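Student: what shape does this take:
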Amino acid sequence: MAADIFADSFKAEPYWWEAARPTAALASTLPDATDVAIVGGGYAGLSTALELARNGTDVTVLEAEDLGWGASSRNGGMVSGGVNVGKGRTMEDDATRAMLAEAGAAYAHLENLIAREGIDCFYARTGRFVGAHTPAAYEAQAKRVEALNRLAESEAYMVPRDRQHEEIASDFYHGGMVVQRAGGVHPALLHKGMLEAAHKAGARLCAGARVGRIDGAPGSFRLSTSKGELKAKEVVIATNGYTGDATPWQKRRLVPVGSFIIATEELGEERVRALFPKLRMISESKRVLCYYRPSPDGKRIIFGGRAKFGQATPAESAPILYGFMCDRFPQIHGVKITHAWTGNVAFTFDRLPHMGRQAGLHYALGCNGSGVVMMTHLGHRTALNILGHANSPSAYEALPMPTVPLYGGNPWFLPIVGSYYRMRDWIDRRTAG
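Tutor: A predicted model of the protein is given here:
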């Protein structure tokens, strides 16, 4: 099958890059000094830079690759507020309630940012359908709906299996949850818009400036980069799934997990609408989940998931994802794939986003699959802290950021953990019939 699924025009790179490729066009030369140095040029870093620059702060963003090379132009472009926060935690825990409420506010912040800056990124509040992979998963979702609506204003409701085709032309699930306060963006165009907004506000953007070492203390940091040394009064770490040796404390607390995505050839708007009647974003309750959606133009399918728990080329992962896609949509077997790519998602050991300060370094890290909304929000909140404009601490700021003994940032255990989770999912499905 593998050789038959690739279109003649197949590219092992993100479909999103067709509209907005990584660039150095807005890049500045590295200065000798800056008020705030931000390590990482994705959503978190740019959101921090934009707020600081709009308030007159001299800010420099240090990106190891071209601007837009990382996860901010590689993700699925699915946005929501609070759906993934607090999974596995009691919904009546005070800390979880505060996090859910803030996640709801984070979604509003993203919408306001897109509108305020006039970012043309195909944002649409289409809603999301979260498919339940078993009846038990459906019941677990039903128990969360009230809290999601009360705390995160999710506008969620349950859809039983006999009405599932109203949301998706698939029999794969046992019903599911619709979250109306959710939608999709073109992630690379969102990044491009934030990049241009930060540049217009006066932020300095340095491409190809990989940070190798950070020394000093607040007021007198020294950053050694591949383009020279930079002095800074404050430093923000916003590297997420690409966190390196320059910040070992942060690296020990993040687990970079590869997420793999494919894009089909154009199927046409009518055929895509038949598969996604309301053009919803789709995710699911499995431990090793898949996520998928119509493309912003409504003509093809963007399908992602954990094809591997280790290194794999896009050409190797694409046939696996293709199989997952046909499990959910048997009726599209035979369509071709035009793009396949991968990027790193930054998971934390408590599965929560984090912001804070350690050894004088600010950080906004741990997207856990909710990076578009949460990293943009936590970058903004980090900037408010630096400016002294925050009215109250973030719910994600007071959390201890855990690690485990002997972990140094190399997730050697992922294939073992991934195999275990796949087995649990298989058992659950088998038991549910």
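Student: closest to the centroid, which residue in the chain?
Tutor: G371 (3.0 Å; C-alpha atoms, centre = their mean).
Student: so who does that residue touch?
Tutor: 42-44, 71-72, 75, 240, 345-346 (C-beta atoms under 8 Å, 6 or more residues apart in numbering). For every residue, glycine as well, the C-beta is placed using N, CA and C.
Student: for E63, state which of the residues you listed is nearest.
Tutor: Nearest to E63, judged by C-beta to C-beta, of those is G42 at 8.4 Å.
Student: ramachandran angles for the closest one?
Tutor: Main-chain torsions, G42, degrees, to the nearest 10: phi -90, psi -160.
Student: please name the nearest non-neighbouring residue to it.
Tutor: S72 (3.9 Å; C-beta to C-beta, 6 or more residues apart in numbering).
Student: and the one you found, helix, strand or coil?
Tutor: Of the three states, S72 takes helix under DSSP: H, G, I helix; E, B strand; the rest coil.
Student: that one - how many residues pack around it?
Tutor: Close neighbours of S72, defined as other C-beta atoms under 10 Å, add up to 31.
Student: pull the number of nearby residues for E270.
Tutor: 9.
Student: please name the nearest non-neighbouring residue to S73.
Tutor: S73 sits nearest to A188 (C-beta to C-beta, 6+ apart), 4.0 Å away.
Student: where's the one you found relative to C121, distance?
Tutor: For A188, the distance to C121 equals 8 Å [C-beta to C-beta, to the nearest Å].
Student: equivalent analysis for W412, please.
Tutor: Counting by C-beta to C-beta, the gap from W412 to C121 is 37 Å.
Student: for A98, same thing?
Tutor: For A98, the distance to C121 - C-beta to C-beta - is 29 Å.
Student: of those two, who's got more company?
Tutor: C121 (21 against 16).
Student: just checking, that one touches E111?
Tutor: No: using C-beta atoms under 8 Å, C121 is not in contact with E111; the gap is 11.5 Å.
Student: what touches both of those two?
Tutor: Going by C-beta under 8 Å, 6+ apart, no residue sits against C121 while also sitting against E111.
Student: how about the residue lying closest to F276 once chain neighbours are set aside, phi and psi?
Tutor: Nearest non-adjacent residue to F276, counting by C-beta to C-beta, 6+ apart: P294, 5.1 Å away. P294 has phi and psi values of phi -70, psi 150 when expressed as degrees, to the nearest 10.
Student: what's the spacing between P294 and S285?
Tutor: 21 Å.
Student: repeat that for I262.
Tutor: 22 Å.
Student: higher neighbour count, the two?
Tutor: A side-by-side neighbour count of I262 and S285, using other C-beta under 10 Å, places I262 first with 29 against 22.
Student: secondary structure class for the more buried one?
Tutor: Taking three-state DSSP, the label given to I262 is strand.
Student: who does it form a beta bridge with?
Tutor: F303, A340 (DSSP bridges).
Student: please enumerate the helices of the stretch 251-400 of the chain.
Tutor: Secondary structure of the stretch 251-400 of the chain by DSSP state H, counting those that start in this stretch: the helices cover 269-275, 314-328, 371-387.
Student: so which of these is the most surrounded?
Tutor: Neighbour counts (mean count of other C-beta atoms under 10 Å) averaged over each of the helices of the stretch 251-400 of the chain peak at helix 371-387, with a mean of 26.
Student: if you count neighbours, what's buried in whichever helix or strand comes after it?
Tutor: Sequence order places helix 414-432 as the next helix or strand after helix 371-387, per DSSP states H and E. Neighbour counts over helix 414-432 (16 or more other C-beta atoms under 10 Å) mark 414, 418, 421, 425, 428 as buried.
Student: residues in contact with the last one?
Tutor: Spelled out, that is D428. 133-134, 136-137.
Student: counting only helices, which of the residues you listed make the cut?
Tutor: Judged by DSSP state H, the contacts of D428 include 136-137 as members of helices.
Student: going by distance to K336, which of the contacts of D428 wins?
Tutor: H133 (27.5 Å).
Student: below-threshold pLDDT in the protein: ranges please.
Tutor: 1-3, 86-92 (pLDDT under 70).
Student: pull the longest helix from it.
Tutor: Per DSSP H, the chain has its longest helix at helix 94-117.
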